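Trainee: following is a predicted model, sequence given first.
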Amino acid sequence: MIQQIAFIIVLGAASYFIRKRILVIRANIKLGKPKEIKDRGADRMRNMLLVAFGQKKMFKRFIPAFLHFFIYIGFLIINLEVLEFIIDGMAGTHRIFAPYLGALYPFLMNLFEFLAVAVLVACAIMLIRRNIIRVKRFWSAEMTAWPRLDANLILITEIVLMTAILTMNATDQVLQTKMPEHYAATGKLFFSANLIPLFQNMDVVPLVIIERFAWWFHIIGILGFAIYVTYSKHLHIFLAFPNTYFANLEAKGHILNMPVVTNEVKSMLGLTDAAAPTGPPAEPGRFGAKDVNDLTWNNLLAAYSCTECGRCTSECPANLTGKKLSPRKIMMDTRDRMEEVGKSLSTGGAGLGDGKTLLNDYITKEEINACTSCNACVEACPVMINPLEIILELKRYVAMEESGSPASWNAMFQNIETNFAPWKFSPADRFNWANELKNK
Amino acid sequence: MSDVTFSVPTMAELAAKGESPEVLFWVGCAGSFDDRYKRVTKSFVKILHAVNIKFAVLGTEETCTGDPARRAGNEFLFQMQAMNNIQVLNGYGIKKVVTACPHCFNTIKNEYPELGGSYEVVHHSTFLQNLISEGKIKLKEGGSFKGRKITYHDSCYLGRANNVYEAPRAVLEALDADLVEMKRCRTTGLCCGAGGGQMFKEPEKGNKDINVARTEEALSTGAATIAVACPFCMTMMSDGVKNKEREADVQVKDLAELIAEAQGLS
């Protein structure tokens, strides 16, 4: 009974904190500008199923995809066991599903254990890749102490949680032989049975304590991890799904139009359509983005969905040739700034008016000016994040609000304005090339 | 040199005669002004003549699509350019546009529709591929390209931006050439370094220029010809070859030039 009450308190507390964090994240995403995404539901669903659920883009790089796949499947399936944990915890039962599932139960336990071992091995290899082999993309400039620690904490936590499952099952199997009336028979489990010799000669009391400890450790670990995830880059385990659903469906070369500008240009050219709906003229607001609230909620959702894998940066031509631009850093900065603003607002602080902005304080002009808009980052992202959209919005702000583009771009703008070509040629000479096809 | 004169009809001339072309050839700024890319423009015109396609150009009525301005953040300038071009194109009732510039192609195809300009837009690589598959361009087997090693450099605005990966390759295959791929190709092709307005400014500080990095990848295939399908890629790869002092044995050529060469049109 005490155990049940304790469990319900733990579960309630965890739910409380998780709910609070969800509301914070939701509010932070809503700092972004509204953008209606309601079109092409079937295509969006297809993207979500293929890319998030089906891991399609992960498999462009086989080794990490293969390792990740086990962790992903383990996460999906082992969580079924957590359902049993929760019911057992609340009802004070032990392995409540065992009698109902019969022979299927040991099969499921073996499957879970296989996945637990696979997750454990995959996480261990990933730790080696990060810390011993030092795969380059995990050590770029933006991978400072916290992002590296965050990644390692996640991997270590998963290893520890899987070890708890295997320990629990091993002690459970010993207890099945000693107290069959209390411990439902699962038979020998393929993986954890190997741990039995460690516990075989123990008395019942320490065995029960170890089994209970492992059980509690696992469930508290999972709940604690769920809270941790909301502060971590690991949030992709949930947000990859909405992010792929709301991802861009247009050709990658297409840049989002600015209807405000269209209206102004039309009226400048005397093209205003008399039949056009005549509402009150929309407040033009800021052109482009200086801070997170100038981006759309969709960009901010993407920043929360980023798990900092760095595939984007490892494909970026600017980054590959030593420039400061890193698409991953664009997403990390957007997220950090959004969290900073949100935190400030929730504590009665100045929020967006704290004297800092995403542009300049987080992302410099030198970074955005190096972008070739080649879409390599967009193509590389396994969860369809588009760093290019944010870079472009920042460039728009610099060009249109500050006239602060590089001098040679300003010269290019001037050439287009006066000569209708980005180079300084006379428009009257535009057709001269055709003369070279004559009189030869 | 051939003494044939290739006429280049303008839309204004055709409209005056009450005629309309099968396709409008959008030449683009590089195709009009850049000495190197003008050769591509001329090659493409010769091909259009050779296959008897009724085409026209806008001549001096054509202006920059606005692509570099938009990518550099100047949306006003882009939309001014776009609106003016759309007025001209719509005024002539243009239905189909072909261009040898992936940036013009992308802008007119993807970005003009929401500003009121909807046309069927094809890049010259797809256009050439169609001419070959329709049998209008006949390439002799075992021609001068047989066994010649060619590598194709994907233009970002053709490839990733618009999923045109196979048409340029199909054109090269038709030449009976030995097409060798770089390690980064198709969806993972490395940019030449000129997109997003980079063509018009110096690169930021780094440890290498992007075009040199890409040229090194192209040279490592051992190809004697680097095929491109974009005026900016043409400039960047040519500069890269010069940087590596390989102009003597490695050529950078556009698809249209290679076809014109194979057809004896150059």
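Mentor: The structure has been received and is ready for your questions.
Trainee: what pLDDT does the residue nearest the centre of chain B get?
Mentor: What sits nearest the mean C-alpha location of chain B, by CA atoms, centre = their mean, is B:A100, with 2.8 Å. B:A100 is assigned a predicted lDDT (pLDDT) of 98.
Trainee: wait, it sits on B:T41?
Mentor: Yes. B:A100 lies in contact with B:T41 (CB atoms under 8 Å); the separation is 6.8 Å. In short, each C-beta sits where N, CA and C put it, glycine included.
Trainee: any common contacting residues for those two?
Mentor: Jointly contacting B:A100 and B:T41 under the rule CB atoms under 8 Å, 6 or more residues apart in numbering or on different chains are B:V27, B:G31.
Trainee: so B:I150: helix, strand or coil?
Mentor: Per DSSP: H, G, I helix; E, B strand; the rest coil, the secondary structure class of B:I150 is strand.
Trainee: what of B:V122?
Mentor: Secondary structure, three-state DSSP: B:V122 is strand.
Trainee: measure it to chain A for me?
Mentor: B:V122 sits at a distance of 14 Å from chain A (criterion: CB to the nearest CB, to the nearest Å).
Trainee: would you confirm that that residue contacts B:K96?
Mentor: Yes. Counting by CB under 8 Å, B:K96 is a contact partner of B:V122 at 7.4 Å.
Trainee: can you pull the contacts of A:F413?
Mentor: Taking CB under 8 Å, 6+ apart as the contact definition, A:F413 lies against A:A399, A:S405, B:A69, B:A72, B:N74, B:L77.
Trainee: and the first one, what element?
Mentor: When secondary structure is defined using DSSP states H and E, the element that contains A:A399 is helix A:387-400.
Trainee: now swap in the second one and tell me
Mentor: No secondary structure element spans A:S405, as it lies outside all helices and strands (assigned by DSSP H and E).
Trainee: show me what contacts it?
Mentor: A:N369, A:K395, A:V398, A:A399, A:F413, B:A72, B:G73, B:N74.
Trainee: next, whichever residue of the stretch 101-250 of chain A sits closest to chain B: secondary structure please.
Mentor: Of all residues in the stretch 101-250 of chain A, A:E250 sits closest to chain B, with a separation of 7.0 Å (CB to the nearest CB). Reduced to three states with three-state DSSP, the structure at A:E250 is coil.
Trainee: now do the strands in chain B.
Mentor: Under the criterion DSSP state E, strands of chain B are mapped to B:23-26, B:55-56, B:96-99, B:120-123, B:149-152, B:178-180, B:225-228, B:251-254.
Trainee: mean neighbour count for those - can I get that in CSV?
Mentor: Supplementary listing: those in CSV, determined by neighbours: other CB atoms under 10 Å in any protein chain shown:
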stretch, mean neighbour count
strand B:23-26, 23
strand B:55-56, 20
strand B:96-99, 20
strand B:120-123, 20
strand B:149-152, 22
strand B:178-180, 17
strand B:225-228, 25
strand B:251-254, 22
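Trainee: can you put the ones you listed in a markdown table and add distance to B:G197?
Mentor: As requested, the strands of chain B are arranged in a markdown table below (distance: least, CB to CB, whole Å):
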| stretch | distance to B:G197 |
| --- | --- |
| strand B:23-26 | 20 |
| strand B:55-56 | 30 |
| strand B:96-99 | 19 |
| strand B:120-123 | 20 |
| strand B:149-152 | 24 |
| strand B:178-180 | 31 |
| strand B:225-228 | 19 |
| strand B:251-254 | 22 |
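Trainee: any low-confidence regions in the stretch 51-200 of chain A?
Mentor: In the prediction, the stretch 51-200 of chain A carries no residues with pLDDT under 70.
Trainee: same check on the stretch 101-250 of chain B?
Mentor: By pLDDT under 70, the low-scoring segments of the stretch 101-250 of chain B are B:142.
Trainee: for the residue in the stretch 151-300 of chain A positioned nearest to chain B, what are its contacts?
Mentor: Among residues of the stretch 151-300 of chain A, the one nearest chain B by CB to the nearest CB turns out to be A:G253. It sits 2.9 Å away. When contacts are counted by CB under 8 Å, 6+ apart, A:G253 is found next to A:N375, B:N106, B:N110, B:Y157, B:R160, B:A161, B:N162.
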